[in-house]
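>>> Make a model of this:
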Amino acid sequence: PLGKPSDWSTISGKPYITVSAKGIVNGLSSIPNDGADFGPDTMLGATAPNQYGSPYTQTSGIQEAFTYLAPTGGEIKASEGLFLLNAPATYTSEHALKFNGVVKGNGARNSSWVINGSILMPSQSFMTNYPNQPLVTFLNTGNYNDGYLDFGNFWIIGTYNSPSTDLANGPATNAAVGFQCGNTTSLEGNGPVSKYIHDIKFDNCAWAFTSYSGGGPSLYDNLHVDACGGDPVLGSMMAVYDLSSHWGKIECFAVPANYVIGFGSTGGYSTSALFANLYTNPGSMGVFNLQNPNGQSLLSLGKVNLFGYANDGNALFAFNGSGNWVVQAGEIYQNGSAIIRNFSTTAQQASIQIGSLYSTNSALISLGGPFTSTSSLQISKFYANSLATTPFLPFSDLPTYIEHYLPTPIPSTPAIPASGTAQQNTNLFPVEVYLNGGSVTQVTRTSNGTSYTVFSSSTGVALAGLTVRLEPGDSITLTYTTAPTWTWAPA
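Residues are numbered from 1 along each chain as shown. Here you go, the predicted structure:
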């Protein structure tokens, strides 16, 4: 009720500072900052708790709390409430910061997908004066061994809307950005050396966040991103320049951006990103924008649920840079999107390995090629919804191998070519070729540029059920005076 202070107002010697959304100036409490150290009653530019305006803070006391902790680092606990920011807030320090909202109960989301914690929302004036600028920025002034950030339990809305407003139409033109860590792509990137970003819901932001490398690992967990636009460099709702990142549960819906997650240059270093569970719509061009041009980078995915937008142009992996990538995925559940897009530079190499792919009406490759000789696509188990819409748009210069394809496809049997002319298995699955009759002197199988003699005779012989297995890309060559008959079947 109005005027009742928060429980922490009676605590002395607490090992953290508090920020409240309630105060006298906004009519939500009868005591300054509802008893917290900082809040809407805090004086603009205050350097310690309990310094009150006017003039009043422009950031609900968040910037002043950052300033107070910068020399030593520490922990900020934010009360439940609506924090209006009329200016961006920046934490500039080499010291660790833990900044979390207060989570009630078990932290479960309600039917409106709201995290039960604090709400961080800019006012209309912020949206007008600071378009496409981050609400909160974390900078590290030390070397790359310094700094740590724990930031979570917030609902961040990039433009001033009621929490009940439907934000599915995408971000407003002048919407703010969720947050930014660091400000350069170099190893000493002014970003916290290690980051734990968790339990955040982003709504209607210009884009969710930009995170630069600080030299250490980053952990992202329990993030929900809805109706956010793309950053100007990677075109992604989440722009990542981390050397190493680990991702827990990530959910993304109503994606108006080109991509969901983009990985950019890390200042001359390769990058690695490990995902446990990703549930997402694709952007207008795809999910992952893999653009880091440096070294051999790794993207490892546990389980991916990709759904919506039945358009082969929306790829799971879009290779838009010149770097080399190893992509590994355990399970992919896919509806209406391609696997590869824009793989168009010969300077780029990729090895894509997928355990199980469950696909409906999707192309494997869209707008791809040419590919380097060392690039490959391997799928252990491919489950398609029907043979009538076989989801293959292969390129002959990308070695592609599918070990098990269900339902089992029935390859067409090509016409027997002229004697001495090779016939390639252009299917993306192994086939067996059954040969009978004719007058044949030699049968040769060629795989990866090496030829193997399967049958040879100095005189023409009628074949009797000779079987030749061809992997994808292999070819068979018959030398004959009278052509035999053959039948191609799934291996």
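>>> Can you show me the strands along the stretch 301-450 of the chain?
Ranges of strands in the stretch 301-450 of the chain, per DSSP state E, counting those that start in this stretch, are 315-319, 324-335, 338-341, 349-360, 365-366, 376-384, 400-406, 422-424, 431-447, 450-470.
>>> Lowest average confidence across those, which one?
Per-stretch mean pLDDT for the strands of the stretch 301-450 of the chain is lowest at strand 365-366 (a mean of 62).
>>> Among the strands of the stretch 301-450 of the chain, which comes closest to residue 96?
Proximity to residue 96 (CB to CB) singles out strand 324-335 among the strands of the stretch 301-450 of the chain, at 32.5 Å. Bear in mind the C-beta positions are built from the backbone N, C-alpha and C, glycine included.
>>> ok, now which ones touch the spatially closest residue to residue 33 that is not a sequence neighbour?
Nearest non-adjacent residue to residue 33, counting by CB to CB, 6 or more residues apart in numbering: residue 39, 3.1 Å away. Residues near residue 39 by CB atoms under 8 Å, 6 or more residues apart in numbering: 19, 20, 21, 22, 23, 32, 33, 57, 60, 61.
>>> The first one bridge partners, please.
Counting by DSSP bridges, residue 19 forms beta bridges with residue 38, residue 78.
>>> Mind pulling the model confidence for residue 94?
What the model reports for residue 94 is a pLDDT of 87.
>>> got the contact list for it?
Counting by CB under 8 Å, 6+ apart, residue 94 touches 140, 141, 142, 143, 146, 147.
>>> Count the residues that sit near the residue lying closest to residue 324 once chain neighbours are set aside.
In this structure, residue 324 finds its nearest non-sequential neighbour in residue 349, 4.4 Å apart by CB to CB, 6+ apart. Neighbour count of residue 349, defined by other CB atoms under 10 Å: 20.
>>> Please apply the same query to residue 16.
Per other CB under 10 Å, the neighbour tally for residue 16 reads 14.
>>> and what of residue 352?
Applying other CB under 10 Å, we find 24 residues neighbouring residue 352.
>>> Tell me which residues touch it, please.
Contacts of residue 352 (CB under 8 Å, 6+ apart): 317, 327, 329, 339, 340, 376, 377, 378.
>>> pLDDT (mean, whole number) over the host helix or strand of residue 287?
Here residue 287 sits within strand 286-290, counting by DSSP states H and E. Mean per-residue pLDDT for strand 286-290: 88.
>>> Sheet-wise, list the partners of it with their directions.
strand 259-263 (parallel), strand 315-319 (parallel).
>>> What are the buried residues along the last one?
Read that as strand 315-319. By neighbour count on 16 or more other CB atoms under 10 Å, the buried set for strand 315-319 is 315, 316, 317, 318, 319.
>>> Nearest to residue 307 among the residues you listed?
Distances from residue 307 to the buried residues of strand 315-319, taken by CB to CB, are shortest for residue 316, at 11.6 Å.
>>> picking up where we left off before, with respect to residue 244, which of the contacts of residue 39 is nearest?
Distances from residue 244 to the contacts of residue 39, taken as CB to CB, are shortest for residue 19 (30.8 Å).
>>> residue ranges of the strands in the stretch 151-300 of the chain, please?
177-181, 194-203, 209-212, 217-226, 236-241, 244-253, 259-263, 272-280, 286-290, 296-306.
>>> can you put the ones you listed in a markdown table and add mean neighbour count and distance to residue 410?
As requested, the strands of the stretch 151-300 of the chain are arranged in a markdown table below (neighbours: other CB atoms under 10 Å; distance: least, CB to CB, whole Å):
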| stretch | mean neighbour count | distance to residue 410 |
| --- | --- | --- |
| strand 177-181 | 27 | 50 |
| strand 194-203 | 23 | 47 |
| strand 209-212 | 26 | 48 |
| strand 217-226 | 21 | 42 |
| strand 236-241 | 28 | 41 |
| strand 244-253 | 19 | 38 |
| strand 259-263 | 28 | 36 |
| strand 272-280 | 19 | 34 |
| strand 286-290 | 29 | 31 |
| strand 296-306 | 19 | 28 |
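>>> In CSV, list these along with distance to residue 132.
Formatted as CSV, those follow (distance: least, CB to CB, whole Å):
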stretch, distance to residue 132
strand 177-181, 6
strand 194-203, 15
strand 209-212, 11
strand 217-226, 17
strand 236-241, 12
strand 244-253, 20
strand 259-263, 16
strand 272-280, 23
strand 286-290, 19
strand 296-306, 27
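>>> Tell me which of the ones you listed sits nearest to residue 44.
Nearest of the strands of the stretch 151-300 of the chain to residue 44, taken as CB to CB: strand 177-181 at 21.6 Å.
>>> do you know how far the residue nearest to residue 33 is from residue 175?
Using CB to CB, to the nearest Å, we find residue 39 at a distance of 25 Å from residue 175.
>>> Residue 261 contacts residue 241, doesn't it?
No - the pair residue 261 / residue 241 is not scored as a contact, 11.8 Å apart, by CB atoms under 8 Å.
>>> So for residue 396, what pLDDT did the model give?
Residue 396 is given a pLDDT of 52.
>>> Then residue 162?
45.
>>> Is residue 64 in a helix, a strand, or coil?
Three-state assignment for residue 64 (DSSP: H, G, I helix; E, B strand; the rest coil): helix.
>>> What distance do you get for it to residue 37?
9 Å.
>>> Next: residue 258.
Taken as CB to CB, the span from residue 258 to residue 37 is 42 Å.
>>> which one of the two has more residues nearby?
Per other CB under 10 Å, whichever of residue 258 and residue 37 has more neighbours is residue 37, with 25 against 22.
>>> dump the residue contacts of the closest residue in space to the more buried one that isn't next to it in sequence.
Spatial nearest neighbour of residue 37, excluding adjacent residues (CB to CB, 6+ apart): residue 49 at 3.7 Å. Counting by CB under 8 Å, 6+ apart, residue 49 touches 17, 37, 38, 68.
>>> re earlier: show the buried residues in the contacts of residue 94.
Buried members of the contacts of residue 94, scored by 16+ other CB under 10 Å, are 140, 146, 147.
>>> from those residues, which is closest to residue 356?
residue 147 (39.7 Å).
>>> List the beta-bridge partners for residue 220.
Counting by DSSP bridges, residue 220 forms beta bridges with residue 197, residue 247.
>>> Let me see the confidence value for it.
Looking at residue 220, its pLDDT stands at 95.
>>> Go ahead and confirm it touches residue 247.
Yes - if you go by CB under 8 Å, residue 220 and residue 247 touch, sitting 4.9 Å apart.
>>> what pairs with residue 442 across the strands?
Residues in a beta bridge with residue 442, per DSSP bridges, are residue 456, residue 479.
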